[in-house]
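# how would this look folded up:
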Amino acid sequence: MEPFVAALDQGTTSSRAILFNRAGEILSRAQHPFRQIYPQPGWVEHDPRDIWETEKRALQEAVDAAHIDPKAIAAIGVTNQRETTILWDKKTGKPVYNAIVWQCRRTAGLCDELKARGLGKTVAEKTGLLIDAYFSGTKIKWMLDNLPGVRKRAERGELLCGTVDTWLIWNLTGGRVHVTDYSNASRTMLFNIHTLEWDEELCRELDVPMNLLPRPVGNSQQYGTVAEGIPGLEGLEGIPICGSAGDQPAALFGQGCFQPGQVKNTYGTGCFTLMNVGGAPVISNAGLVCSVAWSLGGRVCYALEGSVFNAGSTIQWLRDELGLIKSASECDRLAESVPDSGGVLVVPAFTGLGAPYWDMYARGTILGVTRGTGKAHLCRAVLDSIAFQVCDLITAMAADAGRPITSLRVDGGASVSDLLLQLQADALRLPVDRPVQVETTAFGAAALAGLAAGVWTSPEQLSSLRRSQHVFLPVRDEAVCWEELKRWDRAVERARGWIEPET
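Numbering: from 1, shown residues only. Here you go, the predicted structure:
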């Protein structure tokens, strides 16, 4: 019986499940969106029960659609939106509050306090991160400090916390396993990436009880099995859960970037550019962060990373908030109908700017509008903004790594856009390589699980499964592209520091 591997791909706006065969091909998939909650400007939340229920339903539907015996599923891998943080009751499994999403900026003032206390250097040296509301540590502290009675319950050992990987594995195992993989732990601002342990000093500085935290584990090993009696997962009990990685390192793995210097970018809700830097962390001087990408067979691989907070979400903004388009494909069609943006620039700093700026107080900006500006120009400017933000990351990455970048492997929902990838190749002056299998995040999780379960034997075998679908080469005049990037820099400066820092 041919073995299959299931990947749970829990994202910012939807939960998906995909079944892969041994050739790395998709057998079946299912997907369910869930609510986005915005209690205040700059705040973003999810209901953890929505996350679990939609992911559970997607898994069952993907298995049903595959028409296979569930016993043929050799393993389950998990990949997830990172930094999003959940706190729940150890006995009942009931969340004490909504999940605070990675995009949420509510702890910006707290981050300013930590910086003022001089913790920036300690955080960078131990965690590879910068102090920012993006990461999980201040989200945990906010819940402990602002929810009545929660800190006392935490100190009594009644509560657990974790990122979405932890929440899914805990629920899949019927509450028996409380773990987080190294890649997700690396994004909390509480984890020492050198010792691969929670850091006592940082937990003390953020006043986070260590008994809340899950056990850090490698990315390709058995954590537990699907428990019996989970409603909606009948017939799946006993399947081992043995692979886990945050969505971006999972995509790096799924793209086959196993050699130092290889780079990928995922075009999702945000954009995330990662470079494999090998077995030693690189502390950035250019506004990037360094995290554990994966630990495989006891060997740790690190990645330099730059994060753009709003990429695909900017296209959703055109559709859902402005009503200018009805679908993402319409954005492409309109953008292609004009030769350029007509001088319009969109800086989508809806929730601040990520790397390399790390400006929590930046906000979205539209510049260069004239009476002749139409929605086609806005659509083109939005696609430009995605490509320009990735250019900022790649420039910083090359400076940190001390080596030229020779190509960019790409994936994610927006990578289906030929126009966007051509704009990216032109702006970067680099080949942009889109694979046949663009579900690289899910495949990365499946690959990590499949290695632990013996479905695949080595990264080299996985590399042989990757095939390029199209390589985009620069075609526009380099001088024109350079002028556009200079205008982009000016636009970013006007978006920065727009709102007053919290006091």
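# Next SSE downstream of the lengthiest helix in the chain?
For the chain, the longest helix by residue count, based on DSSP state H, is helix 375-401. Note on helix 375-401: by DSSP states H and E, the next helix or strand toward the C-terminus is strand 408-411.
# May I have that next one as CSV, with CA atoms only?
This file holds the C-alpha atoms of strand 408-411, laid out as CSV (Å, rounded to 0.1, in the frame of the first residue of the first chain):
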residue,chain,number,x,y,z
LEU,A,408,15.1,33.7,-6.0
ARG,A,409,12.7,30.7,-5.5
VAL,A,410,9.1,31.7,-5.0
ASP,A,411,5.8,30.3,-3.8
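# Would you indicate which residues of it are buried?
Buried residues in strand 408-411, defined by neighbour count with 16 or more other Cβ atoms under 10 Å: 408-411. Where you see a C-beta, it was placed from the backbone N, CA and C, and this is true even at glycine.
# quick one: buried residues of the longest helix of the chain?
Neighbour-count burial for helix 375-401, counted by 16+ other Cβ under 10 Å, picks out 375-397, 400-401.
# where in this structure is pLDDT low?
502-503 (pLDDT under 70).
# Each with direction, which strands does the biggest strand by length in it pair with?
Using DSSP state E to assign secondary structure, the strand with the most residues in the chain is strand 299-308. Sheet partners assigned to strand 299-308 using DSSP bridges are listed as strand 271-278 (antiparallel), strand 289-296 (antiparallel).
# Need the ones you listed in TSV (columns: mean neighbour count and distance to residue 221).
Putting those into TSV (neighbours: other Cβ atoms under 10 Å; distance: least, Cβ to Cβ, whole Å) gives the following:
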stretch	mean neighbour count	distance to residue 221
strand 271-278	25	21
strand 289-296	25	9
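# what about those, which gets the closest to residue 130?
Comparing the strands paired with strand 299-308 against residue 130 with Cβ to Cβ, the closest turns out to be strand 289-296 (6.2 Å).
# Minimum distance to residue 366: which of the strands paired with strand 299-308 has it?
strand 271-278 (19.3 Å).
# Secondary structure class of the residue of the chain most remote from its centre, three-state.
Here the centre of the chain is the reference, and by Cα atoms, centre = their mean the most remote residue is residue 371, at 38.2 Å. Following DSSP: H, G, I helix; E, B strand; the rest coil, residue 371 is assigned to coil.
# Distance to residue 419 added to the strands paired with strand 299-308, as JSON lines?
Below are those laid out as JSON lines (distance: least, Cβ to Cβ, whole Å):
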{"stretch": "strand 271-278", "distance to residue 419": "16"}
{"stretch": "strand 289-296", "distance to residue 419": "30"}
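# so which of those comes closest to residue 493?
For the strands paired with strand 299-308, proximity to residue 493 was assessed by Cβ to Cβ; strand 271-278 is nearest, at 20.0 Å.
# and for stretch 358-368, what are the contacting residues?
105, 108, 111, 130, 132-133, 287, 310, 341-350, 352-353, 378, 381, 487, 491, 494-501 (Cβ atoms under 8 Å, 6 or more residues apart in numbering).
# and the gap between residue 157 and residue 48?
20 Å (Cβ to Cβ, to the nearest Å).
# swap in residue 9?
17 Å.
# next one: residue 443
26 Å.
# Comparing the two, which shows the higher neighbour count?
Remark: of residue 443 and residue 48, residue 443 carries more neighbours, 33 against 24, as counted by other Cβ atoms under 10 Å.
# is it fair to say that one lies in a strand?
No - checked against three-state DSSP, residue 443 lies outside a strand; its state is helix.
# Excluding residues flanking it in the chain, which one is nearest it?
residue 254 (4.1 Å; Cβ to Cβ, 6 or more residues apart in numbering).
# try residue 492
Nearest to residue 492 is residue 347, by Cβ to Cβ, 6+ apart, at 5.7 Å.
# What's the local residue count around the one you found?
26.
# what bridges to it?
residue 365.
# Let me see the backbone angles for the residue lying closest to residue 372 once chain neighbours are set aside.
Closest residue to residue 372 apart from its sequence neighbours, by Cβ to Cβ, 6+ apart: residue 342 at 6.7 Å. With angles defined as degrees, to the nearest 10, residue 342 sits at phi 60, psi 30.
# contacting residues around residue 342?
If you count contacts by Cβ under 8 Å, 6+ apart, then residue 342 has 368, 370, 372-373, 377, 380 around it.
# Need the residues you listed in JSON lines (columns: distance to residue 426).
Shown next, in JSON lines, are the contacts of residue 342 (distance: Cβ to Cβ, whole Å):
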{"residue": "368", "distance to residue 426": "19"}
{"residue": "370", "distance to residue 426": "24"}
{"residue": "372", "distance to residue 426": "24"}
{"residue": "373", "distance to residue 426": "22"}
{"residue": "377", "distance to residue 426": "18"}
{"residue": "380", "distance to residue 426": "13"}
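# between those residues, which is nearest residue 98?
For the contacts of residue 342, the residue nearest residue 98 by Cβ to Cβ is residue 380; the value is 36.2 Å.
# you'd agree that closest one is up against residue 338?
Yes - using Cβ atoms under 8 Å, residue 380 is in contact with residue 338, at 5.6 Å.
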